[in-house]
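>>> Predicted model and sequence follow; I will ask about them next.
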Amino acid sequence: MKTEYYDYIMIFTSHHRALYMYERLIRKNIKVKLVNAPNKINISCTQAVKFKEIDIEVVQTELKRNNIYPTSIYRIMREGKNETYELVE
């Protein structure tokens, strides 16, 4: 089975907001993944949404359209099988 790689991860203030944005993006045919927020960057919510760089404009448009903003967005940096995170917003 091929591993799917994502370029960004969004952290939200609540599980509900993360799930809502995940569902909205799925409806737009955006390839996203609902994941547990990594402990390194988890602030208050246990859920996060991963997405690809090619979809960043659509993601930002949907966030604004739905008046939901993530607590932060990180670029996912891969080092072998390990992931580190670089704050973008």
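Great, that's in hand. Numbers count the residues shown, from 1 in each chain.
>>> going forward, measure contacts and count neighbours with C-alpha atoms only.
Noted.
>>> tell me the mean pLDDT for the strand ranked longest in the chain?
Taking DSSP state E as the criterion, the chain has its longest strand at strand 72-79. Throughout strand 72-79, pLDDT has a mean value of 92.
>>> Next up, the contacts around the closest residue to residue 84 other than its chain neighbours.
Closest residue to residue 84 apart from its sequence neighbours, by CA to CA, 6 or more residues apart in numbering: residue 77 at 5.1 Å. Listed by CA atoms under 8 Å, 6 or more residues apart in numbering, the contact partners of residue 77 are 7, 83, 84, 85, 86.
>>> now with 6 Å?
The contact partners of residue 77, by CA atoms under 6 Å, 6 or more residues apart in numbering, come to 83, 84, 85.
>>> next one: residue 12
Here residue 12 is in contact with 18, 70, 71 (CA under 6 Å, 6+ apart).
>>> So for it, what's the pLDDT?
90.
>>> Tell me the secondary structure of the closest residue in space to it that isn't next to it in sequence, please.
The spatially closest residue to residue 12, leaving aside those adjacent along the chain, is residue 70, at 4.5 Å (CA to CA, 6+ apart). When classified by DSSP: H, G, I helix; E, B strand; the rest coil, residue 70 comes out as coil.
>>> Against residue 81, how distant is residue 70?
Separation of residue 70 from residue 81 (CA to CA, to the nearest Å) stands at 26 Å.
>>> Between these two, which has more neighbouring residues?
residue 70 (18 against 5; other CA atoms under 10 Å).
>>> Tell me where this structure has strands.
Using DSSP E, strands in the chain cover 8-11, 32-36, 47-51, 72-79, 82-87.
>>> Contacts for the first one next, please.
Contacts made with strand 8-11 from outside it, assessed by CA under 6 Å, 6+ apart, are listed as 48, 49, 50, 51, 70, 71, 72, 73, 74, 75, 76.
>>> okay, that strand in PDB with CA atoms only?
Output of strand 8-11 as PDB, limited to C-alpha atoms (Å, rounded to 0.1, in the frame of the first residue of the first chain):
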ATOM      1  CA  TYR A   8       0.600  21.000   5.400                       C
ATOM      2  CA  ILE A   9      -1.200  20.500   8.700                       C
ATOM      3  CA  MET A  10      -3.900  22.800  10.200                       C
ATOM      4  CA  ILE A  11      -4.500  22.800  13.900                       C
END
